[in-house]
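> Sequence isn't available, so here's the structure alone:
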């Protein structure tokens, strides 16, 4: 409730189902955007034919805050295939603009506030000047970076200053994602419920306990108790 989930895979595949009837296999390079709004139930699971063989699963699922005026909108689901995600070459650095606009290209993924989500592959010693947004961070999927004299290791999320265009330098071949956008104020979080209003979260907890949320279409048999 009150957020969006952004699912992006580097390896493997996942099947998304939800209570508004979405049924979508996500593969590397695709973007799945689920807008929870007033409330949605969903599942991401591997299909039996995937789990039956040796495989690798690697990806990120980010939580994207909704502006206050959109926290209670109707839930929605968007799937944008890899072929529709624009790419660019920035001083020999390969980038994909998954959400938002940067480096002269714009993603078709819908947004409710200014949002930035970019994937980049850097060779050793390559530099990349990052876009400027109100909030900005870089996550190192693999490799090692240097930013303003600080070394950033793999699986580190670094929140960066945005007064000037930050520059990152790869200390070795590195795979990164750049995350940013407008500041959206404070939020309360309880389990999978996010809101600017504590009372709304308490109501969602009661609704979940009493199973008043809609069921996942095609995956209705399992109920996860409220922690």
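On my side now, so go ahead. Keep in mind the model is a prediction, meaning the values are calculated, not measured.

> pretty sure residue 227 contacts residue 193?
No: assessed by C-beta atoms under 8 Å, residue 227 is found out of contact with residue 193, at 11.1 Å. Every C-beta, even on glycine, is put in place using the N, C-alpha and C of the backbone.

> gap between stretch 88-99 and the chain center?
Relative to its chain's centre, stretch 88-99 lies at 18 Å (C-alpha atoms, centre = their mean, to the nearest Å).

> Now do the same for the helix of greatest length in the chain: mean pLDDT, whole number.
When the chain is parsed with DSSP state H, its longest helix is helix 198-209. The average pLDDT within helix 198-209 is 97.

> Now it: buried residues?
Residues of helix 198-209 classed as buried by neighbour count (16 or more other C-beta atoms under 10 Å): 200-201, 203-205, 208.

> Would you enumerate the residues in contact with the nearest residue to residue 76 once chain neighbours are set aside?
Spatially, and ignoring its direct neighbours in sequence, residue 76 is nearest to residue 35 (4.4 Å; C-beta to C-beta, 6 or more residues apart in numbering). With contacts defined as C-beta atoms under 8 Å, 6 or more residues apart in numbering, residue 35 is in contact with 4, 66, 73, 75-78, 112.

> Look at residue 35 and report its pLDDT.
Looking at residue 35, the pLDDT reads 98.

> repeat for residue 75
98.

> That one - nearest residue in space that isn't next to it in sequence?
residue 40 (3.9 Å).

> what are the ranges of the helices in this structure?
48-51, 198-209.

> Export those as CSV, with columns for distance to residue 148.
CSV is the format used below for the helices of the chain (distance: least, C-beta to C-beta, whole Å):
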stretch, distance to residue 148
helix 48-51, 42
helix 198-209, 38
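
> Grab the nearest non-local neighbour of residue 102.
Nearest non-adjacent residue to residue 102 (C-beta to C-beta, 6+ apart): residue 131, at 4.4 Å.

> Can you name the residues bridging to the residue nearest to residue 76?
Using DSSP bridges, the bridge partners assigned to residue 35 are residue 4, residue 76.

> Residue 101 now?
Beta-bridge partners, per DSSP bridges, of residue 101: residue 106.

> And it, how close does it get to residue 130?
14 Å (C-beta to C-beta, to the nearest Å).

> who has more neighbours, those two?
When residue 101 is set against residue 130 and neighbours are counted by other C-beta atoms under 10 Å, the residue ahead is residue 130, at 23 against 16.

> sorry, back to before: list just the nearest of the contacts of residue 35 to residue 214.
Of all these, residue 75 has the smallest distance to residue 214: 9.0 Å, by C-beta to C-beta.

> how many neighbours does the closest one have?
20.

> phi, psi of it?
Note on residue 75: its backbone torsions stand at phi -60, psi 150 [degrees, to the nearest 10].

> so who does residue 46 touch?
12-15, 57.

> Swap in 7 Å and give it another go.
Going by C-beta atoms under 7 Å, 6 or more residues apart in numbering, residue 46 touches 14-15.

> what's the span of stretch 202-215, first residue to last?
Start-to-end span of stretch 202-215 (C-alpha to C-alpha, to the nearest Å) is 20 Å.
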